[in-house]
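Novice: I would like to see how this sequence folds:
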Amino acid sequence: IRELQLHSVTIESIIAAIIADKNVPTKDVSSKDDGTIVVYPDIGQMKENLFFGMEVLIRALPNVLVEGIASVHRAVISILTEDPETYGLVVEGDNLQSVMNVEGIIGRETVSNDVIEVQRVLGIEAARITIINE
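Specialist: Next comes the predicted model:
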């Protein structure tokens with residue numbers, strides 16, 4: 001978390017997200033002093049096949065949304081100019097309105113190639129310009 005500079009993400013927020021996710025069959029989630037998160041599976045929900053239950057847990061944990069927009073699958077930050085240093089954010093997914101509302105994003109400079117979503121969020125003229133640009 002420190003290396004990625006995710007200041008708003010804490011061990012407690014990760015644990016809360018795991019507990020809140022209904023697709024993760026957990027009995028208890030805790031943390032150790034070294035920052036390791038321990039997930040205890042709910043054996044009662046796993047019925048008779050513990051191996052299958054552990055596979056469900058292993059597949060469900062990477063999909064837990066800790067912070068951000070659920071419909072955004074990937075985001076890449078790139079340097080646009082060196083002096084002054086400005087950045088661009090390329091987002092794979094949808095929900096243009098949520099992306100535009102993120103702190104630090106300049107809404108007027110946000111571009112999307114989804115014409116229907118642009119029309120829904122910004123109106124018909126913005127959708128027309130999107131078609132021309134595409």
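Novice: how about the helices in the chain?
Specialist: 11-20, 50-60, 96-100, 115-122, 124-133 (DSSP state H).
Novice: report all helices and strands that the fourth one contacts.
Specialist: Here helix 115-122 touches helix 96-100, helix 124-133, going by 3 or more CB pairs under 8 Å, 6 or more residues apart in numbering; DSSP states H and E. All C-beta spots, glycine's among them, are computed from the backbone N, C-alpha and C.
Novice: so what touches it?
Specialist: With CB atoms under 8 Å, 6 or more residues apart in numbering as the test, helix 115-122 has contacts from 94, 95, 96, 97, 100, 112, 126, 127, 130, 131, 134.
Novice: tell me the contacts of the closest residue to residue 8 other than its chain neighbours?
Specialist: Of all residues not flanking residue 8 in the chain, residue 67 sits nearest, at 6.4 Å (CB to CB, 6 or more residues apart in numbering). By CB under 8 Å, 6+ apart, residue 67 lies in contact with 6, 8, 9, 13, 17.
Novice: any idea of the pLDDT on the residue positioned nearest the centre of the chain?
Specialist: Central residue of the chain (CA atoms, centre = their mean): residue 68, 4.3 Å from the mean position. Looking at residue 68, its pLDDT reads 77.
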